[in-house]
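>>> Quick one, fold the following:
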Amino acid sequence: MRAERGTFDRIACAARDFRGRSQIVPDDRQAKRFLVSGMVQGVGYRFFAQRVAERLGLAGYVKNRGDGRVEVYAIGTAEQLLGLRTELERGPRAAEVSTVNEEEAAVSEQYVGGFQIEHDWW
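Residues are numbered from 1 along each chain as shown. Here you go, the predicted structure:
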């Protein structure tokens, strides 16, 4: 395994999501919800968040909210979640992130199989 992926050597187990990609499901998993404010809708932010989450081996979802923010729910280790937060603060090139609020969340077994984009229904 390459040096930059060394973090994943310490993670207990891997599973496959419904698309056949490797999905990390650590034994010491936890969940967080991030609410991202700024110019984050209409700039590819959800696709950016999905790519980052999949690269980090996280499960969960990302979706636009009716109030203009983007919600990211992620399941993983504390280290993975910290990496996600760092990337969410940066955002994609076209975005202007003003704040990323973080809150603890319960692990929802519904989302452990992978990371998905949820569509707007508001």
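>>> host element of the residue nearest to the spatial centre of the chain?
Centroid-nearest residue in the chain: residue 53, 4.0 Å away (criterion: CA atoms, centre = their mean). If you go by DSSP states H and E, residue 53 is part of helix 45-56.
>>> Return the list of helices and strands in contact with that helix.
Applying 3 or more CB pairs under 8 Å, 6 or more residues apart in numbering; DSSP states H and E, we find helix 45-56 packed against strand 59-64, strand 70-76, helix 78-90, strand 115-117. Heads up, the C-betas are built off the backbone N, CA and C, glycines and all.
>>> so which of those gets nearest residue 39?
strand 70-76 (10.5 Å; CB to CB).
>>> Can you point out the buried residues in that closest one?
Across strand 70-76, burial judged by 16 or more other CB atoms under 10 Å covers 70, 71, 72, 73, 74, 75, 76.
>>> residue ranges with poor pLDDT in this structure?
Along the chain, segments meeting pLDDT under 70 span 1-27, 121-122.
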